[in-house]
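[1] Sequence first, predicted coordinates after that:
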Amino acid sequence: MDRYTEAKTMCRLFAEHGYPTMMAGGCVRDRIFGMEPKDYDLATVALPEEALSLCRRKGYKVIPTGLKHGTISVVTGLQTLEFTTLRTDADCDGRHANVAFSSDFKADAQRRDFTINALFEDSEGQIHDFVGGQRDLAAKQLRFVGDPASRIREDYLRILRYFRFLARLGWQPLPNELNAIGANLDGLARLSVERIQSEMDQILASPGAALVLPLLHDCGLTATLFSWLDPSSTANLAKILGRTDHPTLRWFSFYHWGSGTRLWPKLMAEEVINMRFTRKQVKLINNLALLLAEHANLAELMLCALRLQSQVSPLVLLDYLNACQEIFHLVLPDHLLRLLAGMGELEPPTIPHKALMQLEPTKRGETVHLVKIYWYLKLARVKTEFEQMMGHIETYQMQLKSGVPKPVNER
């Protein structure tokens, strides 16, 4: 049995016990598209306690995910199915709704965000469409259910969700929907930073980012959330976003290249503080900003690259920097690119412990860094060369600062 067949079987099980149940939302949409759904959500007339009791009687592990909002999760051998009792929104505050349980599939469809997300499929594979979702799928049109402004004012996160779906699907926006979004941008202030960041994560990762980024500016959204974004940068920004799968590199690109590089390290650090990045993400973004800052000498760039080693794979970073050179005509020292290639190819060097301990404690850290740099550049290969470096550390530091490091045996 596959996941789809199992979902239909669960719909049938509930119906046999007097609770009409259908697959709902994204899983139905994706199957019509010919895509494998990420997961299967089921809508049922069963109240949460009834769904909970039935599944436990049948031997399933059940998690009371959100009983207040009518949702339970059922763990099977193949997947986790989410059952949600049909609902109507009693009242909304622009982000959260007080719900009333219902037994009307049509009413449930009319409270959803977009018509293509308001489709149902029963246990026999029959599609139930109360709002024109199939028509909009065929026409490649993303449309709010009912009046766009009303749907947005129920939950202002739907503004970002609209652009996220456009980016994912690669569709053109509808003027009526864009007008409603533009008229309700003040509601974005009610959203948490975490929710904004989550939606933007998905927009930046989407193949349709090139389509959406100019739209965010044209409708006024970037002026509201990201006032520093340079509209003239969006075409190249979309290109660099398409060249990396690394989420934090995409965010760095959004700040650095999206601002037309106007956000130099200090300003970028201030912008990053406003978001909910992890400590590791913040360090990566700030170190990348330093790496691409002007007026850094080769030694500073090398040290920055070593710091980045624990935050991102050197080869991933090398691919990203090569893409930056191609798209933005960025000029980077050849030695820096060679260092990253070496870091991706070689294991860390074994530092001669005895020779290191003979140095002043204040010099040991910078000495280890220097030895690593020459090792990854393949300019020092054996223990005796490391020891030679340690005896003439200032000489090798000067070589790096001057931008012309040489093999140790050619000193």
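    It's in.
[2] ranges for the helices of the stretch 201-350 of the chain?
    Under the criterion DSSP state H, counting those that start in this stretch, the stretch 201-350 of the chain contains helices at 209-218, 221-225, 234-241, 247-256, 265-273, 279-291, 298-308, 314-328, 334-345.
[3] same question, the stretch 51-200 of the chain
    For the stretch 51-200 of the chain, the helices defined by DSSP H, counting those that start in this stretch occupy 105-109, 133-139, 148-154, 157-169, 175-182, 193-205.
[4] Quick one: these as CSV, columns for mean neighbour count, mean pLDDT and distance to residue 393 too.
    Yep, even glycine has a C-beta here, placed from its N, CA and C like the rest. Listed next are the helices of the stretch 51-200 of the chain as CSV, based on neighbours: other Cβ atoms under 10 Å; pLDDT from 0 to 100; distance: least, Cβ to Cβ, whole Å:
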stretch, mean neighbour count, mean pLDDT, distance to residue 393
helix 105-109, 19, 95, 71
helix 133-139, 16, 96, 67
helix 148-154, 19, 95, 63
helix 157-169, 22, 96, 51
helix 175-182, 17, 96, 60
helix 193-205, 17, 94, 43
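[5] Put together TSV for these, with distance to residue 236 on each row.
    Supplementary listing: the helices of the stretch 51-200 of the chain in TSV, determined by distance: least, Cβ to Cβ, whole Å:
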stretch	distance to residue 236
helix 105-109	41
helix 133-139	31
helix 148-154	31
helix 157-169	17
helix 175-182	24
helix 193-205	14
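[6] on that earlier part again, deepest-packed of the helices of the stretch 201-350 of the chain, please.
    Ranked by mean neighbour count under mean count of other Cβ atoms under 10 Å, those are led by helix 247-256, which reaches a mean of 22.
[7] So which elements touch that helix?
    The helices and strands touching helix 247-256, judged by 3 or more Cβ pairs under 8 Å, 6 or more residues apart in numbering; DSSP states H and E, are helix 193-205, helix 234-241, helix 265-273, helix 279-291, helix 314-328.
[8] didn't residue 58 look like it was pressed against residue 10?
    No - here residue 58 lies out of contact with residue 10, judged by Cβ atoms under 8 Å, at a distance of 9.4 Å.
[9] Looking at those two, which has the bigger crowd around it?
    Ranked by neighbour count (other Cβ atoms under 10 Å), residue 58 and residue 10 place residue 10 first, with 23 against 12.
[10] What's the separation between that one and residue 18?
    15 Å (Cβ to Cβ, to the nearest Å).
[11] Over to residue 293?
    67 Å.
[12] of the two, who's got more company?
    residue 293 (16 against 10).
[13] and the helices and strands packed on helix 247-256 as a markdown table, adding distance to residue 367?
    Shown next, in a markdown table, are the helices and strands packed on helix 247-256 (distance: least, Cβ to Cβ, whole Å):
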| stretch | distance to residue 367 |
| --- | --- |
| helix 193-205 | 40 |
| helix 234-241 | 36 |
| helix 265-273 | 27 |
| helix 279-291 | 21 |
| helix 314-328 | 21 |
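[14] With respect to those helices, which exhibits the lowest mean confidence?
    Note on the helices and strands packed on helix 247-256: lowest mean pLDDT is at helix 265-273, with a mean of 86.
[15] Tell me what angle that helix forms with helix 279-291.
    Using axes from the mean of the first three to the mean of the last three Cα atoms, to 10 degrees, the interaxial angle of helix 265-273 with respect to helix 279-291 works out to 160 degrees.
[16] Off-centre distance for helix 265-273?
    On the basis of Cα atoms, centre = their mean, to the nearest Å, helix 265-273 sits 19 Å off its chain's mean C-alpha point.
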